[in-house]
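**Student:** Build me a model:
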Amino acid sequence: MTPESTSPAAAATATSVFKALVLGATTPDQASRPGGEVGAVFASLGALEPPYDPEALCLLFEHSNSLRQNVDAYATNIDGFGHRLDPAIDFDADDADRRVGECIFLERLAARDHGELPPEAELEPTLDEIKERRRELVQLARTERARLASFFEFCSFDHSFVELRRRTRQDLEVTGNAYWEVLRNAAGEVARLVYVPSYTMRLLPLDANPVPVEESVRISPVTLERVTTRQRMRRFLQVQYTQRTFFKAFGDPRFVSRTTGEVFASLDQLRARDAADGPATEILHFAIPSPRSPYGIPRWVGGLLAVMGSRSMEEVNYLYFENKSVPPLALLVSGGKLSEASVPRIERFIEENLKGKNNFHKVLILEAEGASSANDAARARIELRPLTEAQQHDALFQQYDERNIDKVGSAFRLPRLLRGDSRDFNRAVADAQLRFAEDQVFQPERDEFDFIVNRKLLADMGIRFWRFRSQTPVTRDPERMTNMVEKLVRVGVLTPEEGRALASDIFNREFAKLSADWTKRPITLTLAGIQNGVEDLRPKPPSETLIDQAKRLLALREELAAEEERRAAERMHMARDAMRRPEPERVEVPSEEWRTWFQEGGDG
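**Tutor:** Sure thing, here's the model as predicted:
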């Protein structure tokens with residue numbers, strides 16, 4: 001049949017059948033939300049605008065298929081293993097007296113520099129001063145440790161300190177910022193730490209005028225000194241729903257209104273303006289530094305398009321099941337023509353009976369009318385043709401999604417094993433990846449967090465004798481490390497005390513101190529002494545310092561000089577006694593008579 005011979009009715013019918021129809025193209029609701037009242041409140045109160053909307057970043061974190069596992073790996077490996085308190089001076093060590101003497105020397109040196117001691121004052125302590133100071137410091141360190149243990153156990157209201165750290169790490173990695181509200185008791189001491197959601201917080205500009213701020217500076221391992229510096233401080237603003245609250249920076253001594261952010265000269269003036277108002281509490285701000293903003297920026301923001309692309313890919317694959325429009329097979333009728341009622345039936349069948357997973361195996365039937373005249377020799381035929389080649393057999397963009405996941409993981413510098421992907425790994429590769437992540441990623445982050453806690457929080461609390469240190473996971477093979485330490489101790493390379501120190505570091509637990517002498521010498525010498533019957537394991541007096549030896553020699557020299565003086569005095573006294581005695585009487589005896597006195601036998 002040529003195009004010229006086609007009837008107008010047939011052309012109209014063909015046009016209605018073969019017209020391109022877009023079915024099931026309704027779009028889902030948008031996930032983004034326009035700026036509302038909260039943003040307007042922040043802007044009206046003068047808050048700085050962050051480079052990226054924190055709430056939008058939180059939504060991306062919730063919807064992403066790659067961010068959660070990276071952030072959880074950071075929170076677990078950096079903050080999930082607790083902490084321990086390391087002593088500034090180990091008073092059970094052999095060099096404890098020397099360290100205490102150094103502390104006394106440094107304290108006296110600082111006092112002389114400040115004019116509290118005369119220039120000619122002696123800086124070196126005596127042995128008695130060292131012993132007395134050591135007894136005092138041991139007692140103070142014991143009390144301070146109990147105070148710290150109690151603080152970290154009860155510093156949060158409804159969760160542990162580890163959970164507080166994990167929430168803080170999640171906020172820090174998702175939005176680039178994290179906040180703690182620091183509460184003080186009536187004495188002005190730090191008493192509570194409260195987690196503050198980062199998406200509710202904004203920074204205000206730095207104040208124009210600097211204010212005097214007191215800070216603690218360490219002048220010796222166990223001594224802190226308060227110094228005053230002038231700094232430009234910053235205030236913070238939190239808006240939740242319609243409530244707004246102002247905060248001041250940690251260590252800010254000013255009286256700031258928590259409802260208006262206004263600064264007052266005294267607490268009485270603040271109360272006089274509004275009796276219901278109160279002083280603002282302090283905020284400790286954690287941030288991933290950005291060179292262009294006082295806000296922090298998350299480390300994965302460079303892979304923002306990869307995160308959004310993976311989300312769009314997931315939506316496309318999900319919508320395929322809801323809007324599938326290609327049937328698995330078709331029943332074709334040829335040798336006839338379609339009726340006018342077939343077209344709307346086809347459209348209705350596709351729209352209502354093919355979409356969705358419940359209609360996955362329904363069949364589309366096409367009807368055709370047979371030949372209407374004798375000239376038409378064609379015979380109507382029915383053909384069953386599969387359409388599976390036109391169907392989607394697997395999810396789309398799988399390689400694209402895998403590359404996006406790797407991009408996000410590389411932004412966190414995490415290997416696949418720590419992101420939950422354990423494909424194609426043997427033990428050697430897994431150990432190497434864990435060591436890399438521990439040395440290059442997790443430990444530097446722990447050190448940075450420990451510095452903030454020690455430098456700001458514990459220093460403000462006046463903690464002198466202990467250092468906060470985050471614990472690490474046991475990434476070493478315990479069996480292999482046990483064999484190694486055992487061999488080194490057995491051959492005398494390590495003493496038992498050093499072996500216990502290594503075991504304490506490996507297994508993240510503190511072992512009790514042993515004061516026995518055998519722990520401080522190689523085990524081979526100890527065994528040899530026991531076998532030979534040598535009893536030299538009794539505690540020995542502590543080793544003397546150079547100053548102690550010099551003082552002992554001076555005392556010995558004075559004793560020798562006193563002894564020489566005593567003996568000289570005795571000799572002089574004996575000589576004088578001899579001179580005062582009377583001269584003995586002399587009797588002359590003839591020699592013949594003298595000889596008779598010594599002759600034996602006499603006359604008879």
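
**Student:** so who does the nearest residue to residue 269 once chain neighbours are set aside touch?
**Tutor:** Counting by C-beta to C-beta, 6 or more residues apart in numbering, residue 255 is the residue found nearest to residue 269 once chain neighbours are left out, at 7.6 Å. Every C-beta, even on glycine, is put in place using the N, C-alpha and C of the backbone. Residue 255 is in contact with 263, 264, 265, 266, 267, 269, 270, 279, counting by C-beta atoms under 8 Å, 6 or more residues apart in numbering.

**Student:** Give me the buried positions along stretch 227-234.
**Tutor:** Using 16 or more other C-beta atoms under 10 Å as the test for burial, stretch 227-234 gives 233, 234.

**Student:** roughly how far is it from the heart of the chain?
**Tutor:** Distance, stretch centre to chain centre, for stretch 227-234: 27 Å (C-alpha atoms, centre = their mean, to the nearest Å).

**Student:** Stretch 431-447 too?
**Tutor:** Mean-position distance between stretch 431-447 and its chain equals 12 Å (C-alpha atoms, centre = their mean).

**Student:** Report the beta-bridge partner residues of the residue nearest to residue 269.
**Tutor:** On the basis of DSSP bridges, residue 255 is bridged to residue 264.

**Student:** Quick check, pLDDT for it.
**Tutor:** Here, the pLDDT recorded for residue 255 equals 93.

**Student:** any idea how far residue 307 is from it?
**Tutor:** 44 Å (C-beta to C-beta, to the nearest Å).

**Student:** How about residue 161?
**Tutor:** Counting by C-beta to C-beta - residue 161 and residue 307 are separated by 31 Å.

**Student:** who's more crowded, these two?
**Tutor:** Remark: of residue 161 and residue 307, residue 307 carries more neighbours, 23 against 17, as counted by other C-beta atoms under 10 Å.

**Student:** What is the neighbour count of the nearest residue to residue 440 once chain neighbours are set aside?
**Tutor:** Once flanking residues are discounted, residue 440 sits nearest to residue 413: 6.8 Å by C-beta to C-beta, 6+ apart. Residue neighbour count, defined by other C-beta under 10 Å, stands at 12 for residue 413.

**Student:** my guess is residue 413 contacts residue 439, does it?
**Tutor:** No: between residue 413 and residue 439 there is no contact under C-beta atoms under 8 Å: 11.4 Å.

**Student:** where are the low-confidence patches of the stretch 251-400 of the chain?
**Tutor:** 324-329, 331-339, 343, 350, 354-357, 360-361, 363-380, 382, 384, 387-395 (pLDDT under 70).

**Student:** quick one: contacts for residue 409?
**Tutor:** 66, 70, 415, 416, 419.

**Student:** Include distance to residue 385, neighbour count and secondary structure when you put these into a markdown table, please.
**Tutor:** Listed next are the contacts of residue 409 as a markdown table, based on distance: C-beta to C-beta, whole Å; neighbours: other C-beta atoms under 10 Å; DSSP: H, G, I helix; E, B strand; the rest coil:
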| residue | distance to residue 385 | neighbour count | secondary structure |
| --- | --- | --- | --- |
| 66 | 41 | 24 | coil |
| 70 | 48 | 23 | helix |
| 415 | 50 | 20 | coil |
| 416 | 44 | 15 | helix |
| 419 | 45 | 19 | helix |
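
**Student:** Show me the two of the residues you listed that sit farthest apart.
**Tutor:** 66 and 415 (14.0 Å; C-beta to C-beta).

**Student:** Low-confidence ranges, the stretch 501-604 of the chain, go.
**Tutor:** Applying pLDDT under 70 to the stretch 501-604 of the chain flags the ranges 505-508, 529-545, 600-604.

**Student:** Was I right to think residue 148 contacts residue 467?
**Tutor:** No: between residue 148 and residue 467 there is no contact under C-beta under 8 Å: 10.4 Å.

**Student:** Overlap of the contact sets of these two?
**Tutor:** What both residue 148 and residue 467 touch, as defined by C-beta under 8 Å, 6+ apart, is the set 85, 458.

**Student:** Tell me the spacing between residue 238 and residue 85.
**Tutor:** For residue 238 relative to residue 85 (C-beta to C-beta), the value is 32 Å.

**Student:** Tell me which of those two has more neighbours.
**Tutor:** The residue with more neighbours, out of residue 238 and residue 85, is residue 238; 20 against 17, by other C-beta under 10 Å.

**Student:** what sits against that one?
**Tutor:** 196, 200, 201, 202, 244, 245, 246, 247.

**Student:** any chance of those residues in TSV, plus secondary structure, pLDDT and neighbour count?
**Tutor:** As requested, the contacts of residue 238 are exported to TSV (DSSP: H, G, I helix; E, B strand; the rest coil; pLDDT from 0 to 100; neighbours: other C-beta atoms under 10 Å):
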residue	secondary structure	pLDDT	neighbour count
196	strand	94	21
200	helix	93	18
201	strand	94	27
202	strand	94	23
244	strand	90	19
245	strand	92	18
246	strand	94	20
247	strand	95	26
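
**Student:** which one of the residues you listed sits closest to residue 454?
**Tutor:** Nearest member of those to residue 454, counting by C-beta to C-beta, is residue 196, at 21.7 Å.

**Student:** Count the residues that sit near the closest residue to the closest one other than its chain neighbours.
**Tutor:** Distances taken as C-beta to C-beta, 6+ apart place residue 179 nearest to residue 196, at 4.1 Å, with adjacent residues excluded. Neighbourhood size, residue 179 [other C-beta under 10 Å]: 22.

**Student:** Could you confirm residue 179 falls within a helix?
**Tutor:** No: remark: residue 179 does not belong to a helix; assigned using DSSP: H, G, I helix; E, B strand; the rest coil, it is strand.
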